[in-house]
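Trainee: Can you look at this prediction? I've put the sequence above it.
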Amino acid sequence: MDLLVKKGALAQTKLVAPAQPPLGKGEVRLKVDLFSLTANNVTYGAAGDFLKYWQFYPSGEEGWGRVPVWGFATVTESTSAAANVGERVYGYLPMSDTFVVKPGEKKNGAFADHSAHRQGLAPVYNNYVLNAGDALYAKDTEAMQVLFRPLFTTSFLIDDFLADAGFFGASQVIFSSASAKTSYAAAQLLKARGDVKVVGLTSTSNVAFTKGLGFYDDVLPYEAIGGMDGSAPSVFVDIAGNAGVRTAVHAKFGDSLKYSCAVGATHWDAPRQDQMPAGPAPKMFFAPDVVKKRIGDWGPAGFGQKVGAAWAAFLPTAARTTHVVESVGLEAASRVFADLASGLGDPKDGHVVRLD
Ligand SMILES: NC(=O)c1ccc[n+]([C@@H]2O[C@H](COP(=O)([O-])OP(=O)(O)OC[C@H]3O[C@@H](n4cnc5c(N)ncnc54)[C@H](OP(=O)(O)O)[C@@H]3O)[C@@H](O)[C@H]2O)c1
């Protein structure tokens, strides 16, 4: 079965039974075992056309798409030397019982999918790491891995990017959607540096949760932006992607805003920006591009070592901040996805889906 999502109306989903042609030469069929669902996956659907997320797993149905997720899958058939039946990988998956990849050469315990429809897409999404050679894999933290691994890398990169730039001369960093996992993991890293004040903006209903994390020096509801001190040199890290919030922050800080970093779109159905806001033009932060730059600077091993060390330090935090909610099956996954797309998620919950 495949879980399809209606493009432009992401809370509408349906399950379909696709044809399963026999494997071609050099292909591998994988059975999806476990994946996470967070606002990140809703954003994949919202930005599916613009950032080509619909291209990873074509749905074959006009107007409907397959939203990618991160998780574990097991090889059930193989005509490729890169992966044997029974081996397990971590990587980018569709919300489907099974899917097929065409691995390139196995290198450093991983392979890339060389299927024609995935060429030209960001390499980080085409890479599958075999559990056996994966420095970040541990059996007892699988739920935390599927939930946080894709998000934490971005958090690590936000912290690294801002520190490397000397915070653009700012003395505080302001996050929107401060309750989101990507935001608070970055806030924790920034707070640990102690170089800048870290401020979180969130929905009124999520203020208590976000304050309770202890990673922000200050937490405010979106309605309080107008009362902030607009003269403090600041960086805005926009995880919400809500034009109203962004305009309010830019209007309040104006030229005191030293950098505006457009990372996410958790408020995916809020109005888009139709006019350039006051202050600096927002610059898009696309993690795969920043990964590429840092791999260039540090080498693949150096990059892996730095992210791995930060990840190991973060894992106890993730376990403390997250209530893992496990659902079973694609029907259940469709309900969780629809709830997240409808804004009914609770920031303390970490949804994982098991397909058995
Ligand atoms: N640029 C990149 O390379 C990159 C990489 C990784 C992640 N991201 C983006 O970062 C964002 C955060 O992802 P995440 O998985 O960390 O999020 P998450 O933990 O699932 O975020 C939950 C929070 O997002 C807000 N939210 C979620 N769904 C909403 C909805 N339908 N309507 C309004 N608000 C909603 C709420 O925060 P508030 O009440 O605090 O607003 C909610 O508490 C995503 O947009 C993701 O795509 C970008």
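Mentor: Received, thanks.
Trainee: Count the neighbours of residue 25 for me.
Mentor: 7 (other Cβ atoms under 10 Å). C-beta coordinates here come from the backbone N, C-alpha and C atoms, glycine included.
Trainee: Helix or strand for it, just tell me which one.
Mentor: Under the criterion DSSP states H and E, no helix or strand holds residue 25.
Trainee: And the helices in the stretch 101-250 of the chain, which stretches?
Mentor: In the stretch 101-250 of the chain, the segments counted as helices under DSSP state H, counting those that start in this stretch are 123-126, 142-164, 181-193, 207-213, 243-253.
Trainee: Let me know which of those is tucked in deepest.
Mentor: helix 181-193 (a mean of 24; mean count of other Cβ atoms under 10 Å).
Trainee: Residue 185 against residue 157, yeah?
Mentor: No - counting by Cβ atoms under 8 Å, residue 185 stays clear of residue 157, with 10.8 Å between them.
Trainee: care to break the chain down by domain?
Mentor: 2-134+322-354, 150-287 (automatic domain parsing).
Trainee: tell me the most buried of these?
Mentor: Mean neighbours per residue, mean count of other Cβ under 10 Å, is largest over the domains of the chain for domain 150-287, with a mean of 20.
Trainee: Can you pull the residues of the stretch 101-250 of the chain lying near the ligand?
Mentor: Counting by Cβ under 6 Å from any ligand atom, the residues of the stretch 101-250 of the chain lying close to the ligand are 151, 154, 177-182, 202-203, 206, 239-240.
Trainee: Would you check which pair of those residues lies furthest apart?
Mentor: 154 and 203 (21.0 Å; Cβ to Cβ).
Trainee: about what we covered before: can you redo the domains of the chain as JSON lines with mean pLDDT?
Mentor: Below are the domains of the chain laid out as JSON lines (pLDDT from 0 to 100):
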{"stretch": "domain 2-134+322-354", "mean pLDDT": "96"}
{"stretch": "domain 150-287", "mean pLDDT": "96"}
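Trainee: In three-state terms, how would residue 344 be classified?
Mentor: coil (DSSP: H, G, I helix; E, B strand; the rest coil).
Trainee: Can you check which helix is longest in the chain?
Mentor: What stands out as the longest helix in the chain, according to DSSP state H, is helix 287-321.
Trainee: Which neighbouring elements make contact with that one?
Mentor: Helix 287-321 is packed against helix 123-126, helix 142-164, helix 181-193, with contacts defined by 3 or more Cβ pairs under 8 Å, 6 or more residues apart in numbering; DSSP states H and E.
Trainee: quick one: which of those is nearest residue 95?
Mentor: Comparison of the helices and strands packed on helix 287-321 against residue 95 by Cβ to Cβ identifies helix 142-164 as nearest, at 12.8 Å.
Trainee: now the angle between helix 181-193 and the closest one, please.
Mentor: 50 degrees (axes from the mean of the first three to the mean of the last three Cα atoms, to 10 degrees).
Trainee: how far off helix 287-321 does helix 142-164 point, in degrees?
Mentor: Inter-element angle recorded for helix 142-164 and helix 287-321: 120 degrees (by the same axes, to 10 degrees).
Trainee: how close does residue 166 get to residue 195?
Mentor: 9 Å (Cβ to Cβ, to the nearest Å).
Trainee: cool, and residue 128?
Mentor: Using Cβ to Cβ, residue 128 is found at 37 Å from residue 195.
Trainee: ok, now residue 12?
Mentor: In terms of Cβ to Cβ, residue 12 sits 45 Å off from residue 195.
Trainee: same check, this time on residue 25
Mentor: As judged by Cβ to Cβ, residue 25 and residue 195 stand 54 Å apart.
Trainee: out of the domains of the chain, nearest to residue 304?
Mentor: Nearest of the domains of the chain to residue 304, taken as Cβ to Cβ: domain 2-134+322-354 at 9.0 Å.
Trainee: Show me how far the closest one is from its chain's centre.
Mentor: 13 Å (Cα atoms, centre = their mean, to the nearest Å).
Trainee: Contact partners for residue 149?
Mentor: Applying Cβ atoms under 8 Å, 6 or more residues apart in numbering to residue 149 gives the contacts 70, 90, 136, 311.
Trainee: switch the cut-off to 7 Å
Mentor: 70, 136 (Cβ atoms under 7 Å, 6 or more residues apart in numbering).
Trainee: and it, what pLDDT?
Mentor: On pLDDT, residue 149 comes in at 94.
Trainee: so how far is residue 245 from it?
Mentor: For residue 149, the distance to residue 245 - Cβ to Cβ - is 27 Å.
Trainee: Check residue 253 too.
Mentor: In terms of Cβ to Cβ, residue 253 sits 13 Å off from residue 245.
Trainee: again with residue 83
Mentor: Residue 83 sits 44 Å away from residue 245, going by Cβ to Cβ.
Trainee: what's the answer for residue 154, then?
Mentor: For residue 154 relative to residue 245 (Cβ to Cβ), the value is 19 Å.
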